[in-house]
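1. Predicted model, plus sequence, below.
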Amino acid sequence: MAKQASAQKVTIVALVENEPGVLNRVASLFRRRAFNIDSLTVGRTHRAHVSRMTIRVDAGPEYAKRIATNLQKLVNVIDVRVLDNEPHIERDLALIKVRSDDTDSRNTITEICDRYPARIVDIGPKVAIIEMVGTEEIIETFIDEVRAVGIVEMIRTGVVSMGRGIRIHDADITRRDLARVAAQSPNGNGRIV
């Protein structure tokens, strides 16, 4: 069932200006188009003025190009790529607090963690916190196994993705370049595209 659900999700990566209000504009675009954002992660890049957004959207692959085109039209968006059509690495991080108040639950947690790329990062007399990093599908399978022990609390970061090999999605553009290109925009509205 997880495979079927992930087939309806597309991964879009956008390089955006690192300024206030950009996240709101991107989220509003998805709200207006009635697409549900499954996960959204935003982080700084190695360039101070550029942030990278990884967006997983509940939409079929037929909508990916339309979403990317609409994103590219936003003022603060530098570049957009749909990663589903190229080789890429995806990772999700989950912190899961589980019941560990007896010997059986502690042993079960340890055995499950040994089978996955997971580790116990905190353990107390009543609960343990497990850190799990992997693909979305592996984390879903891991959660199903740990559920039998008793999940108390859980948080996930959302998917981050990067193209494999020499597929580089980087902005070699400076603020001065952005301003110059915007000033020379053919439609006179200050947009880059």
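-> Thanks, I have the structure now. Just so you know, these numbers come straight off a predicted model, no measurement behind them.
2. Which pLDDT value does the model give Thr108?
-> At Thr108, the predicted lDDT confidence score is 94.
3. Would you check how far apart the most centrally placed residue in the chain and Ile120 are?
-> Note on the chain: the residue nearest the mean C-alpha position is Val159, at 3.0 Å, using Cα atoms, centre = their mean. Val159 sits 23 Å away from Ile120, going by Cβ to Cβ, to the nearest Å. Backbone N, C-alpha and C define where each C-beta goes, glycine included.
4. next one: Arg164
-> 31 Å.
5. Return the backbone torsion pair for Glu145.
-> Backbone torsions of Glu145, given as degrees, to the nearest 10, read phi -70, psi -40.
6. Could you count how many residues lie near it?
-> 15 (other Cβ atoms under 10 Å).
7. Next up, the contacts around it.
-> Applying Cβ atoms under 8 Å, 6 or more residues apart in numbering, we find Glu145 in contact with Ile112.
8. which of the residues in the lengthiest strand in the chain are buried?
-> Counting by DSSP state E, the longest strand found in the chain is strand 88-99. For strand 88-99, the neighbour count (16 or more other Cβ atoms under 10 Å) marks 88, 90-94, 96-99 as buried.
9. Pull up the per-residue confidence for Arg180.
-> In this model, Arg180 carries a pLDDT of 58.
10. same question, Asp172
-> pLDDT, read off for Asp172, is 59.
11. can you pull out the strands in this protein?
-> Using DSSP E, strands in the chain cover 9-17, 36-44, 50-58, 77-82, 88-99, 118-123, 127-134, 151-156, 160-163.
12. least trustworthy helix or strand in this structure by mean pLDDT?
-> helix 2-7 (a mean of 50; mean pLDDT, DSSP states H and E).
13. hang on, the earlier thing: neighbouring strands of the longest strand of the chain in the sheet, and parallel or not?
-> Applying DSSP bridges, strand 88-99 is found paired with strand 127-134 (antiparallel), strand 151-156 (antiparallel), strand 160-163 (antiparallel).
14. ok, Ile109 - contacts?
-> By Cβ under 8 Å, 6+ apart, the neighbours of Ile109 are 98, 100, 120, 128, 130, 146, 149.
15. ok, now how distant is the nearest residue to Arg106 once chain neighbours are set aside from Glu153?
-> Nearest non-adjacent residue to Arg106, counting by Cβ to Cβ, 6 or more residues apart in numbering: Ser100, 5.0 Å away. Distance of Ser100 to Glu153, given as Cβ to Cβ: 13 Å.
16. Sweet, I'm off.
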